[in-house]
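Novice: no FASTA, just this:
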């Protein structure tokens with residue numbers, strides 16, 4: 001079941017009797033759902049997603065460990081949501097681009113400082129829901145750009 005289908009079934013209150021199709025689950029898409037009411041409803045069905053953590057669910061190929069890792073992150077994120085944590089808690093598990101998150105309406109970039117002498121960029125971002133401010137540090141890694149998110153320490 002694709003993410004759009006999950007959202008549709010949650011809205012129609014028919015998700016209970018649906019079966020997840022592992023190959024169609026995109027953990028990253030689910031973690032990027034901006035509607036907290038949808039996320040809270042999905043989190044109520046954590047047991048359906050917990051099953052996806054079993055190794056026998058996935059084919060034995062080179063991507064299985066990557067998939068299992070993303071499913072672990074998804075389940076931890078859904079547990080956070082079930083406990084009342086904001087959707088921005090996902091920045092502990094996934095490291096997306098600030099620009100991409102802003103285009104989804106999940107954050108607002110307050111400041112962007114690009115260093116000229118070395119390929120690094122620092123962002124100050126705010127969650128559009130709970131107003132938590134994050135510092136995101138972007139720098140070159142082996143095969144591209146790595147993004148590291150952390151909550152900004154409150155002064156005072």
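Specialist: Thanks, I have the structure now. What you see is a predicted model, and the numbers here were worked out from it, not measured in a lab.
Novice: pLDDT score assigned to residue 6?
Specialist: Residue 6 is assigned a pLDDT of 94 by the prediction.
Novice: Hmm, it is touching residue 45, no?
Specialist: No - using CB atoms under 8 Å, residue 6 is not in contact with residue 45; the gap is 9.0 Å. For the C-beta atoms, the positions are set from N, CA and C on the backbone; glycine is no exception.
Novice: Of the two, give the one with the bigger neighbour count.
Specialist: Counting neighbours by other CB atoms under 10 Å for residue 6 and for residue 45 shows that residue 6 has the greater number, 24 against 18.
Novice: is it true that residue 51 touches residue 58?
Specialist: No - between residue 51 and residue 58 there is no contact under CB under 8 Å: 11.5 Å.
Novice: more neighbours, the two?
Specialist: residue 58 (18 against 12).
Novice: With adjacent residues omitted, what lies nearest to the more buried one?
Specialist: residue 64 (4.7 Å; CB to CB, 6 or more residues apart in numbering).
Novice: Then residue 21?
Specialist: Leaving aside its chain neighbours, residue 21 sits nearest to residue 1 (5.3 Å; criterion: CB to CB, 6+ apart).
Novice: Looks like that neighbour contacts residue 24 (just checking).
Specialist: Yes - using CB under 8 Å, residue 1 is in contact with residue 24, at 5.6 Å.
Novice: which one of those two has more residues nearby?
Specialist: Comparing residue 1 with residue 24 by other CB under 10 Å, the one with more neighbours is residue 1, at 16 against 11.
Novice: Need the outlier residue of this structure, farthest from its centre.
Specialist: residue 117 (31.8 Å; CA atoms, centre = their mean).
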